[in-house]
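Participant: Structure for this input, please:
(chains A and B)
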Protein chains: 2
Amino acid sequence: MNNNLPCVILVEPQLAENIGMTARAMKNCGLTELRLVNPKENHLSEKAISASSNSEDVLQNAKVYSSTKDAVADLQYVLATTARHRDQTKTVYNADEGVKEVAKNLKSNVLCGFMFGPERTGLRNKDVSLADAIINIPLNPAHCSLNLSQAVLLVGYEFYKAHNTLFSSEFVTNHTTIANKEKVMLFCSHIENKLSDFANYKDENKKEKLLINLRNIFTRAQMTEQELNTLYGIINYLSK
Amino acid sequence: MNNNLPCVILVEPQLAENIGMTARAMKNCGLTELRLVNPKENHLSEKAISASSNSEDVLQNAKVYSSTKDAVADLQYVLATTARHRDQTKTVYNADEGVKEVAKNLKSNVLCGFMFGPERTGLRNKDVSLADAIINIPLNPAHCSLNLSQAVLLVGYEFYKAHNTLFSSEFVTNHTTIANKEKVMLFCSHIENKLSDFANYKDENKKEKLLINLRNIFTRAQMTEQELNTLYGIINYLSK
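Facilitator: Sure thing, here's the model as predicted:
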């Protein structure tokens, strides 16, 4: 297996469609290795492949095991996903903390896996006892039932974020540049020059407030040079 | 609407099943208010209700609108979810950062919403230009296509995690209110009406770009009602 990525283990999944959707969710999150313990339906059926939406390769490469024990035999660090409270002496991580443990282990070439239980019942205690720790997905406690593939998606998504260095936000300006303050202030002055006879501008008290409002609006918008040109065009047209 | 929670806006969702699954995902994340713009299938059909898995109340309370503009009219801070790169000048937040912006705005009683586009095409540029910023879900770039309800789930999940944390920055509006989208769009229309003879407005190709530029500038600035009045005064004076 790929040392740098955890595998996903589905214990006794019941519906082919859910296996397919799990494959799709895995691929969304950059995961490729799927292990199935006694699946109730064929993971290569038409239903499964159609639900996988271009992730057929994950299904083709999936391995089938006859027991959870066999499916985790070669792994060195396994997290079990559970929704209900478990009466077991194990660390319970929130999803974002659990995936960090996995990312840390992968860095030391430790083979890792995320384990998920059957749709209706979730993992049995016997299966949970094979895991190093439990991963819990924080959701509305009054309504926390998730489709199997959605549980895989949320854990996979957290793993993807922890595994890759991501930008947090970016101001997209495409092919134009953010106007510098000089240009923004020149634009504000340009408007001011057009306002000499404007009542609010002639009233000294209102004038100051008006100029401050103008600057606040246009500095907050982080305008691009192109947008500034648009506004120049409009102001010039209106004041003709 | 509930001031303390953002609403979810689905623009032209195509499948009843996806609307139902969206309701379920919302409830998983503690969200309750669903807005639908021209849904192609009935959100109260058996298919939708069955897919909602005990979240029928979200569907029953959903409101249907005939345009995206109407659906966001009363909102004051809107994030548009997009997968593809957009040729628009807006801040793009990663999901975890975007939801923090929403949580921050909610703290100041700003009405917020998350906007999602149709299954096949995603949001149109015209719709994106109504939003204050863009939210991007970080996923495997080679395979980032998500089911609509899964996109809602991931954004909702991030929101759920962020909702109760405290924030270090706050947008101060003093004694005035952030203008809702209806007021901002009315202002944009007001400018448009003054431009009928403007060369760039008469050229159909340039016109669309110009209108999107205008919307982007003024949605990005999160203008207060007072500032909007200042701009009305100026535009009216200039166009006398």
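Participant: and the closest residue to A:Gly98 other than its chain neighbours, what are its bridge partners?
Facilitator: Nearest non-adjacent residue to A:Gly98, counting by CB to CB, 6 or more residues apart in numbering or on different chains: A:Ile135, 3.7 Å away. Bear in mind the C-beta positions are built from the backbone N, C-alpha and C, glycine included. Bridge pairing for A:Ile135 (DSSP bridges) gives the partners A:Thr81, A:Tyr93.
Participant: what about A:Ile135, how many residues close to it?
Facilitator: By the criterion of other CB atoms under 10 Å in any protein chain shown, A:Ile135 has 27 neighbours.
Participant: ok, now A:Ala199?
Facilitator: Other residues lying near A:Ala199 total 10 when counted by other CB under 10 Å.
Participant: Do you know the pLDDT at it?
Facilitator: In this prediction, A:Ala199 carries a pLDDT score of 79.
Participant: what do you get for the one 3 residues further on?
Facilitator: At A:Lys202, the pLDDT value in this model is 82.
Participant: does the residue nearest to A:Gly98 really touch A:Thr81, like I thought?
Facilitator: Yes: between A:Ile135 and A:Thr81 there is a contact under CB atoms under 8 Å: 5.1 Å.
Participant: what touches both of those two?
Facilitator: Common neighbours of A:Ile135 and A:Thr81, counting by CB atoms under 8 Å, 6 or more residues apart in numbering or on different chains, are A:114, A:155.
Participant: how much space between the residue nearest to A:Gly98 and chain B?
Facilitator: 14 Å (CB to the nearest CB, to the nearest Å).
Participant: swap in A:Lys63?
Facilitator: Distance of A:Lys63 to chain B, computed by CB to the nearest CB: 21 Å.
Participant: and if you look at A:Asp70?
Facilitator: Distance of A:Asp70 to chain B, computed by CB to the nearest CB: 29 Å.
Participant: Ramachandran coordinates for the residue nearest to that residue when sequence neighbours are not counted?
Facilitator: Excluding the flanking residues, the one nearest A:Asp70 by CB to CB, 6+ apart is A:Val37, at 7.8 Å. The phi/psi pair for A:Val37 (degrees, to the nearest 10) reads phi -100, psi 110.
Participant: wait, A:Val37 sits on A:Val11?
Facilitator: Yes: the pair formed by A:Val37 and A:Val11 meets the contact definition of CB under 8 Å, at 4.5 Å.
Participant: Identify the contacts common to the two.
Facilitator: Contacts common to A:Val37 and A:Val11, judged by CB under 8 Å, 6+ apart, are A:68, A:71.
Participant: which of the two has more neighbours?
Facilitator: Neighbour tally, A:Val37 and A:Val11, criterion other CB under 10 Å: the higher count belongs to A:Val11, 26 against 23.
Participant: per-residue confidence for that one?
Facilitator: 97.
Participant: ok, which stretches of chain A are strands?
Facilitator: Assignment of strands within chain A using DSSP state E yields the ranges A:7-11, A:34-37, A:63-65, A:77-81, A:92-94, A:112-116, A:133-136, A:169-172.
Participant: how near is the residue lying farthest from the centre of chain A to A:Leu210?
Facilitator: Taking CA atoms, centre = their mean, the residue of chain A most remote from its mean C-alpha position is A:Asp197, at 53.6 Å. Using CB to CB, to the nearest Å, A:Asp197 is found at 14 Å from A:Leu210.
Participant: looking at chain A, which helix or strand does the model trust least?
Facilitator: Least confident element among the helices and strands of chain A, by mean pLDDT, DSSP states H and E: strand A:169-172 (a mean of 73).
Participant: tell me which residues in that strand are buried?
Facilitator: Buried positions in strand A:169-172, judged by neighbour count with 16 or more other CB atoms under 10 Å in any protein chain shown: A:169, A:172.
Participant: Return that strand as CSV; C-alpha atoms alone will do.
Facilitator: Taking Å, rounded to 0.1, in the frame of the first residue of the first chain, the C-alpha atoms of strand A:169-172 are listed here in CSV:
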residue,chain,number,x,y,z
SER,A,169,-8.0,32.9,1.7
GLU,A,170,-7.0,34.8,-1.4
PHE,A,171,-8.2,37.9,-3.0
VAL,A,172,-8.6,37.1,-6.7
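Participant: distance between that strand and the chain's centre?
Facilitator: 17 Å (CA atoms, centre = their mean, to the nearest Å).
Participant: outside of it, which residues touch it?
Facilitator: Strand A:169-172 is contacted from outside by A:178, A:222, B:85-86, B:88-94, B:97-98, B:134, using CB under 8 Å, 6+ apart.
Participant: if I look at the residue sitting nearest the centre point of chain A, how far off is B:Ile9?
Facilitator: Chain A has A:Tyr157 as the residue nearest its centroid, 4.8 Å off, counting by CA atoms, centre = their mean. Remark: distance between A:Tyr157 and B:Ile9 (CB to CB) = 22 Å.
Participant: got it, and A:Thr82?
Facilitator: As judged by CB to CB, A:Thr82 and B:Ile9 stand 33 Å apart.
Participant: Among the two, which residue is more densely surrounded?
Facilitator: The neighbour comparison of A:Thr82 against B:Ile9 (other CB under 10 Å) goes to B:Ile9, with 28 against 24.
Participant: give me every residue that touches the more buried one.
Facilitator: Contact analysis of B:Ile9 by CB under 8 Å, 6+ apart lists B:35-37, B:68, B:71-72, B:78, B:113-116.
Participant: Which two among those residues are spaced furthest apart?
Facilitator: Taking CB to CB as the measure, the contacts of B:Ile9 span a maximum distance of 15.4 Å, between B:Leu36 and B:Val78.
Participant: the more surrounded of the two?
Facilitator: With neighbours defined as other CB under 10 Å, B:Leu36 and B:Val78 compare such that B:Val78 has more, 26 against 20.
Participant: leaving aside the residues next to it on the chain, what's closest to that one?
Facilitator: Closest residue to B:Val78 apart from its sequence neighbours, by CB to CB, 6+ apart: B:Ala131 at 4.4 Å.
Participant: ok, that neighbour - how many residues close by?
Facilitator: Look at B:Ala131: counted by other CB under 10 Å, it has 29 neighbours.
Participant: That one and B:Lys181, how far apart?
Facilitator: Distance, B:Ala131 to B:Lys181, by CB to CB: 9 Å.
Participant: what is in contact with these two at once?
Facilitator: Counting by CB under 8 Å, 6+ apart, the residues touching both B:Ala131 and B:Lys181 are B:72, B:78, B:219.
Participant: who's in contact with the last one?
Facilitator: Right, B:Thr219. Contacts of B:Thr219 (CB under 8 Å, 6+ apart): B:78, B:90, B:129-132, B:181, B:184.
Participant: mind running it again at 7 Å?
Facilitator: Listed by CB atoms under 7 Å, 6 or more residues apart in numbering or on different chains, the contact partners of B:Thr219 are B:129-132, B:184.
Participant: The second one too?
Facilitator: Going by CB under 7 Å, 6+ apart, B:Val78 touches B:72, B:113, B:115, B:130-132, B:181.
Participant: what does A:Asn136 give?
Facilitator: Residues near A:Asn136 by CB under 7 Å, 6+ apart: A:82, A:92-95.
Participant: Derive a PyMOL selection command for the buried subset of those residues.
Facilitator: To isolate the buried subset of these in PyMOL, counting by 16+ other CB under 10 Å, use the following:
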select buried, chain A and resi 82+93+95
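Participant: just the contacts of A:Asn136 now: which is nearest A:Gly122?
Facilitator: Of all these, A:Gly122 sits closest to A:Thr82, with 6.0 Å by CB to CB.
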